[in-house]
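[1] The following comprises the amino acid sequence and a computationally predicted model.
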4 protein chains.
Amino acid sequence: MIVAPELMTSHWLNTEQPLTLRDLRGKVVAIEAFQMLCPGCVSHGLPQARRIADTFSPDDVAVIGLHCVFEHHDVQGRREALEAFLHEYRIGFPIAMDAPSGRDVPKTMAAYELRGTPTLLLIDRKGRLRKKAFGSVDDLALGAEIMGLLQEARLQEDGESDLEPSACEEGGCLVPSNGMR
Amino acid sequence: MIVAPELMTSHWLNTEQPLTLRDLRGKVVAIEAFQMLCPGCVSHGLPQARRIADTFSPDDVAVIGLHCVFEHHDVQGRREALEAFLHEYRIGFPIAMDAPSGRDVPKTMAAYELRGTPTLLLIDRKGRLRKKAFGSVDDLALGAEIMGLLQEARLQEDGESDLEPSACEEGGCLVPSNGMR
Amino acid sequence: MIVAPELMTSHWLNTEQPLTLRDLRGKVVAIEAFQMLCPGCVSHGLPQARRIADTFSPDDVAVIGLHCVFEHHDVQGRREALEAFLHEYRIGFPIAMDAPSGRDVPKTMAAYELRGTPTLLLIDRKGRLRKKAFGSVDDLALGAEIMGLLQEARLQEDGESDLEPSACEEGGCLVPSNGMR
Amino acid sequence: MIVAPELMTSHWLNTEQPLTLRDLRGKVVAIEAFQMLCPGCVSHGLPQARRIADTFSPDDVAVIGLHCVFEHHDVQGRREALEAFLHEYRIGFPIAMDAPSGRDVPKTMAAYELRGTPTLLLIDRKGRLRKKAFGSVDDLALGAEIMGLLQEARLQEDGESDLEPSACEEGGCLVPSNGMR
């Protein structure tokens, strides 16, 4: 179980002030890593992030879009371009622009060792990275995983049980198999 | 919070012996009430039931199709018709044929006061009816609700907390708002 | 180029009197061969037939559903079953019940040598079979093919040109490549 | 019936040399007016243009994307941005960048009096504007319309008939009702 690296960003949009994972402790955090010109991000990654934001209370689940530009930097890397994109696609949740590193892959994307976009990250109430899924993610299983993370923390608050969550493994970090196949 | 009425059936398919809610205590039970000639059942109700069966472990979640014939009894009420339907649509989870009542609406459907098909029912590990949703149900929210029911029981086993689940209200029985909007 | 075999039917639904291909000469005829318990027929074959009926004038294109029962005869073969199906799925165009042959495959289906359902047949204004497509058919290409058949007849009426349509080949009968890839 | 205004462009992509409607006389021309940050263009306008290109022979139907930037000029108006977009979305047919006018709406868009994007334009073999459809267009009807335009010219070549195509009317220019509803 690893602590999720802090977000390293150059700008934030759709929020009055920058967010940090540290400040979000106590909530489950869903991060959608995307690029504005990535077809899979537009067709399913970002719509799924919006559904998460629509389904769960913002008091419990924070949804963040992380704009990880690793190609076409001159086009996608411009703040004005991203703003126009968010306006046209009516995306209202907070968006972080991943900080350029001087190499292709920006800083947060490198810290999380992302394969590409879209990638969905889930971070538990204690700030630990619990899921890293590249590509398409099933809604039914995702709803269950998020609720599992929400309840797990409650378990630990209410009782003395200390669930041992599964470690991050090659290919991703998995939630404990609480009834999930 | 009401105890879910026991299933009243005339036949079972896809199972060696009849199932009862009593025997399923300890599991969450998802019941998809359907009719074989109901377009909404074919296009989204039954596919969603299959996704539930594919996503959760059968040790935790039992998925049952309940064939509630309330129209075209002479066609849909025949066991051979339902068997052909299940074969063509490759439906493998257990199917109960709701017991005819002599009136249009069969017995279990009447006991649950269903408005029509498809209707999704969720029953918690203690056998209580927790959700009754007619029509289309969102996958993300449903995944969360099922996991909420799975974990809730664990909460009560592990700790001393006694969550007060919301009562059944007009229009349906809702899961507690564990972070759900 | 073969003349399309006449329909051999046991009953007609959604029409006051039986239709014959002979009487429909002068129109393009689109025949959707289906079975009520065939998933592909329900999900795309019959909806496409409805779209044909909604798009073209009935003075130019006749749409017919041909119920070709080749399995589950005891269930699908009953007129009451088909009537209930048509009612629930709101199918309003004329439906022919293919005449039983005493073998699995009914008479018209055998005459057309259909592989299965759904199969879309197109018959030109002169009564010749011009397309026989099993499975999924692309809407854009289909719209073009139907219009090609509509216009082709007009060509032959208006001018002296005698287009040589392609012969029926193994695997299907194809429309001439009037600009189609 | 109006002659389609010539394209006024600042750049062409995906083609070795600029195209003109004059040079395309003899072919049917399908023009998809789009903007790279327009959600409807990405979800259905451009995919439909690709399907046209995949369905009809390039000898008969020329497909052109017309990038009509009327908002977010600083972002969408840059050639590099459009190139990145075309690369990511794997769009291979020729793309014209509509010439800026100094006002919001670029020159070709103004000449065609387009309401917005996506808009599909169809131009017949004689260079006349025959369809101008804003928003979503049905595939089956579109296939028929394109084939109607293809065959119409052939009619006029082969015979002496001089079809009187319908005039352009308020709201759009419609193909003659050759069997279309």
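    Great, that's in hand.

[2] How many residues are close by residue A:8?
    Per other C-beta atoms under 10 Å in any protein chain shown, the neighbour tally for residue A:8 reads 16. In short, each C-beta sits where N, CA and C put it, glycine included.

[3] these two touch, right, it and residue A:105?
    No. Because the distance of 11.9 Å does not satisfy C-beta atoms under 8 Å, residue A:8 is recorded as not touching residue A:105.

[4] And the helices in chain A?
    For chain A, helices defined by DSSP state H occupy the ranges A:21-24, A:39-40, A:46-55, A:73-76, A:79-88, A:107-111, A:139-158.

[5] what would those look like in a markdown table with distance to chain D and mean pLDDT?
    Below are those laid out as a markdown table (distance: least, C-beta to the nearest C-beta, whole Å; pLDDT from 0 to 100):
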| stretch | distance to chain D | mean pLDDT |
| --- | --- | --- |
| helix A:21-24 | 29 | 98 |
| helix A:39-40 | 6 | 97 |
| helix A:46-55 | 10 | 98 |
| helix A:73-76 | 5 | 95 |
| helix A:79-88 | 4 | 97 |
| helix A:107-111 | 17 | 98 |
| helix A:139-158 | 19 | 84 |
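
[6] For residue D:14, see how far away residue A:137 is.
    33 Å (C-beta to C-beta, to the nearest Å).

[7] Residue A:82 now?
    For residue A:82 relative to residue D:14 (C-beta to C-beta), the value is 26 Å.

[8] For the most centrally placed residue in chain A, give its distance to residue A:18.
    By C-alpha atoms, centre = their mean, chain A has its centre lying nearest to residue A:31, at 1.0 Å. Distance of residue A:31 to residue A:18, given as C-beta to C-beta: 14 Å.

[9] next one: residue A:32
    Relative to residue A:18, and taking C-beta to C-beta, residue A:32 is found at 17 Å.

[10] Please apply the same query to residue A:1.
    Distance, residue A:1 to residue A:18, using C-beta to C-beta: 26 Å.

[11] ditto for residue A:144
    Taking C-beta to C-beta, one finds residue A:144 at 31 Å from residue A:18.

[12] Which of those two has more residues huddled nearby?
    Neighbours were counted for residue A:144 and for residue A:18 using other C-beta under 10 Å; residue A:144 has more, 30 against 12.

[13] The more buried one is in contact with residue B:151, isn't it?
    No. With contacts counted by C-beta under 8 Å, residue A:144 stays clear of residue B:151, the gap being 9.7 Å.

[14] Disregarding flanking residues, what is the spatial nearest neighbour of residue A:45?
    Excluding the flanking residues, the one nearest residue A:45 by C-beta to C-beta, 6 or more residues apart in numbering or on different chains is residue A:118, at 2.9 Å.

[15] now residue A:109
    In space, residue A:109 is closest to residue A:68, 4.2 Å off (C-beta to C-beta, 6+ apart).

[16] mind listing what that neighbour touches?
    A:33, A:34, A:35, A:98, A:105, A:106, A:108, A:109, A:114, A:117 (C-beta atoms under 8 Å, 6 or more residues apart in numbering or on different chains).

[17] would a markdown table of the residues you listed with neighbour count be doable?
    Compiled in a markdown table, those are given as follows (neighbours: other C-beta atoms under 10 Å in any protein chain shown):
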| residue | neighbour count |
| --- | --- |
| A:33 | 30 |
| A:34 | 25 |
| A:35 | 27 |
| A:98 | 27 |
| A:105 | 18 |
| A:106 | 26 |
| A:108 | 24 |
| A:109 | 24 |
| A:114 | 21 |
| A:117 | 24 |
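
[18] got a pLDDT number for residue A:173?
    We have a pLDDT of 28 for residue A:173.

[19] Not counting stretch A:15-23 itself, show me its contacts.
    Identification of contacts with stretch A:15-23 by C-beta under 8 Å, 6+ apart yields A:4, A:6-7, A:9, A:12, A:29, A:62, A:64, A:94-96, A:123, A:127.

[20] same thing with stretch A:98-110?
    Contacts for stretch A:98-110 (C-beta under 8 Å, 6+ apart): A:5, A:7-10, A:33, A:66-71, A:73, A:77, A:96, A:114.

[21] now the end-to-end length of it.
    10 Å (C-alpha to C-alpha, to the nearest Å).

[22] Ok, stretch A:23-42 next?
    28 Å.

[23] Pretty sure residue A:46 sits against residue A:91.
    Yes. Between residue A:46 and residue A:91 there is a contact under C-beta under 8 Å: 6.4 Å.

[24] quick one: terminal-to-terminal distance for stretch A:65-77?
    Stretch A:65-77: ends 15 Å apart by C-alpha to C-alpha.

[25] Buried residues of it, list them for me.
    A:65, A:66, A:67, A:68, A:69, A:70, A:71, A:72, A:75, A:76, A:77 (16 or more other C-beta atoms under 10 Å in any protein chain shown).

[26] Tell me who's in contact with the last one.
    Counting by C-beta under 8 Å, 6+ apart, residue A:77 makes contact with A:69, A:100.

[27] Count residues in the vicinity of the residue nearest to residue A:89 when sequence neighbours are not counted, would you?
    Spatial nearest neighbour of residue A:89, excluding adjacent residues (C-beta to C-beta, 6+ apart): residue D:39 at 5.8 Å. Close neighbours of residue D:39, defined as other C-beta under 10 Å, add up to 15.

[28] show me the contacts for residue D:39.
    Residue D:39 touches A:42, A:88, A:89, counting by C-beta under 8 Å, 6+ apart.

[29] related to what we said a few turns ago, need the residues touching each of residue A:46 and residue A:91.
    residue A:65.

[30] To what extent is the closest residue in space to residue A:9 that isn't next to it in sequence buried, counted in neighbours?
    Among residues not flanking residue A:9 along the chain, residue A:96 sits closest, at 4.3 Å (C-beta to C-beta, 6+ apart). As a burial measure, residue A:96 scores 24 neighbours (other C-beta under 10 Å).

[31] May I ask you to confirm that residue A:96 is in contact with residue A:69?
    No. The criterion here is C-beta under 8 Å, and residue A:96 misses it with residue A:69 at 11.8 Å.

[32] so how far is residue B:118 from the residue nearest to residue A:128 when sequence neighbours are not counted?
    Leaving out its chain neighbours, the residue that sits closest to residue A:128 by C-beta to C-beta, 6+ apart is residue A:1, at 5.1 Å. Distance from residue A:1 to residue B:118, counting by C-beta to C-beta: 40 Å.

[33] Equivalent analysis for residue A:115, please.
    From residue A:115 to residue B:118 the distance is 38 Å (C-beta to C-beta).

[34] Of the two, which one has the most company?
    Using other C-beta under 10 Å as the criterion, residue A:115 and residue B:118 rank with residue B:118 on top: 27 against 13.

[35] got a list of what that one touches?
    So residue B:118 contacts B:32, B:33, B:34, B:38, B:40, B:41, B:44, B:45, B:46, B:134, B:135 (C-beta under 8 Å, 6+ apart).

[36] ok so, going back, so for residue A:82 and residue D:14, which residue has more residues nearby?
    Ranked by neighbour count (other C-beta under 10 Å), residue A:82 and residue D:14 place residue A:82 first, with 22 against 14.

[37] ok, what's across the strand from residue A:3?
    residue A:128 (DSSP bridges).

[38] how much space is there between it and residue C:97?
    68 Å.

[39] okay, those two: which has more neighbours?
    Just comparing residue A:3 and residue C:97: by other C-beta under 10 Å the higher neighbour count belongs to residue C:97, 22 against 11.

[40] got a list of what the closest residue to residue A:92 other than its chain neighbours touches?
    Among residues not flanking residue A:92 along the chain, residue A:14 sits closest, at 6.1 Å (C-beta to C-beta, 6+ apart). By C-beta under 8 Å, 6+ apart, the contact set of residue A:14 is A:86, A:91, A:92, A:93, A:94, A:95.
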